[in-house]
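K.L.:
Below is the sequence, then the predicted model.
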Amino acid sequence: MTETRSGGPIGIFDSGYGGLTVMKEIVSVLPEYDYIYLGDNARAPYGPRSFDTVYHYTLECVRWFFEQGCPLVILACNTASAKALRTIQQNDLPNIAPDKRVLGVIRPTAEIIGEYTHSKKIGVLGTRGTVQSDSYLIEINKFFPHVNVFQQACPMWVPIVENQEYDQPGADYFVKKSIGELLQKSDEIDTILLACTHYPLLLPKIIENVPEGMRVIPQGEIVARSLQDYLRRHQEMNKRLNFTTIEGKRSFFTTDSPEDFDRQASVFFGEKVISKHVEVQHF
Ligand code: DGL
């Protein structure tokens, strides 16, 4: 028998397409909920932008999700999680929407990533913004104080992915270069975390360029399992979400061209995507 409950959708946000790699894993673990995805493609990439700019852009998008009736928003973007999440949670939510929640991807990843390493040396690959924030260093240290974290910014990787060059020969140079720079920091690294939601598209090239036996961990599945656990523990939130025992609704929005979005998004999401254009500046 079909059971339904009417509530709001879960909002999933990224600067562009990368969050779709997380959404793909979330809908596979939690297919019964409704989802709204927003890519701020018109202003991507966020990686090289200042704290202030990333915070303002992210807040506008979070307000937009709230207007759409989302009680819960996931920042499926490490850069926004690193640069905007804490301020939004601590300063903005209490004023604009005390009953709503915004969660990021860094903490759930940091909570578990230490379990993958035997050598207790982890490499973290991310955007310049994520690396400069030291968020992974700080968060992993809280959960795994005996694990050493080595970070490497890969400034070319998001542009390569956003421009659909991720499977082209030109991408090899930059993938090899950034991995080489990371592994120079310690020859004991046995686990590499892809701390940017765009990077799973480069996974085949990354695997080609790491030593045999190296674990390369994308974070989509980790975030999906963590959300499942969060909803189990927070029944008050779970009850406010739209739920049906058959598959929920999925809507996609972009701040740039829907035609471009639809063409690229299916590669990240693994299914056909039909999006609509939105303006978020006035939120
Ligand atoms: N996907 C975003 C992340 O996880 C970064 C993309 C960007 O630089 O805008 O960090």
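P.N.:
Received, thanks.
K.L.:
near the ligand, which residues of the stretch 51-200 of the chain?
P.N.:
The stretch 51-200 of the chain comes close to the ligand at residues Cys77, Asn78, Thr79, Thr127, Thr130, Val158, Cys196, Thr197, His198, as judged by CB under 6 Å from any ligand atom. In this view, the C-beta of every residue, glycine as well, is placed from N, C-alpha and C.
K.L.:
Considering the residues you listed, which possesses the most neighbours?
P.N.:
Neighbour tally across those (other CB atoms under 10 Å): the maximum, 36 neighbours, falls on Cys77.
K.L.:
And that residue, how far from Leu125?
P.N.:
For Cys77, the distance to Leu125 equals 15 Å [CB to CB, to the nearest Å].
K.L.:
One more: Cys154?
P.N.:
Distance from Cys154 to Leu125, by CB to CB: 5 Å.
K.L.:
just checking, which of the residues of the stretch 51-200 of the chain next to the ligand belong to strands?
P.N.:
Among these, no residue falls in strands (DSSP state E).
K.L.:
Kindly reformat those as JSON lines containing pLDDT and distance to Gly114.
P.N.:
Below are these laid out as JSON lines (pLDDT from 0 to 100; distance: CB to CB, whole Å):
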{"residue": "Cys77", "pLDDT": "97", "distance to Gly114": "22"}
{"residue": "Asn78", "pLDDT": "97", "distance to Gly114": "17"}
{"residue": "Thr79", "pLDDT": "96", "distance to Gly114": "22"}
{"residue": "Thr127", "pLDDT": "95", "distance to Gly114": "22"}
{"residue": "Thr130", "pLDDT": "95", "distance to Gly114": "18"}
{"residue": "Val158", "pLDDT": "93", "distance to Gly114": "26"}
{"residue": "Cys196", "pLDDT": "97", "distance to Gly114": "19"}
{"residue": "Thr197", "pLDDT": "95", "distance to Gly114": "20"}
{"residue": "His198", "pLDDT": "95", "distance to Gly114": "24"}
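K.L.:
Spit out the contact partners of the residue lying closest to Arg240 once chain neighbours are set aside.
P.N.:
Nearest non-adjacent residue to Arg240, counting by CB to CB, 6 or more residues apart in numbering: Pro71, 4.4 Å away. Taking CB atoms under 8 Å, 6 or more residues apart in numbering as the criterion, Pro71 is in contact with Gly7, Gly8, Asp99, Lys100, Arg101, Met237, Arg240, Leu241.
K.L.:
Put the alpha carbons of the strand or helix carrying Asp260 into CSV.
P.N.:
In this assignment (DSSP states H and E), Asp260 forms part of helix 258-269. Extracted C-alpha coordinates of helix 258-269, given in CSV (Å, rounded to 0.1, in the frame of the first residue of the first chain):
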residue,chain,number,x,y,z
PRO,A,258,18.7,25.4,-18.6
GLU,A,259,19.6,24.1,-22.0
ASP,A,260,23.3,24.0,-21.1
PHE,A,261,22.4,22.6,-17.6
ASP,A,262,20.3,19.8,-19.0
ARG,A,263,23.0,18.8,-21.5
GLN,A,264,25.7,18.4,-18.8
ALA,A,265,23.7,17.5,-15.7
SER,A,266,22.7,14.1,-16.9
VAL,A,267,26.4,13.1,-16.9
PHE,A,268,26.7,14.0,-13.3
PHE,A,269,23.3,12.7,-12.2
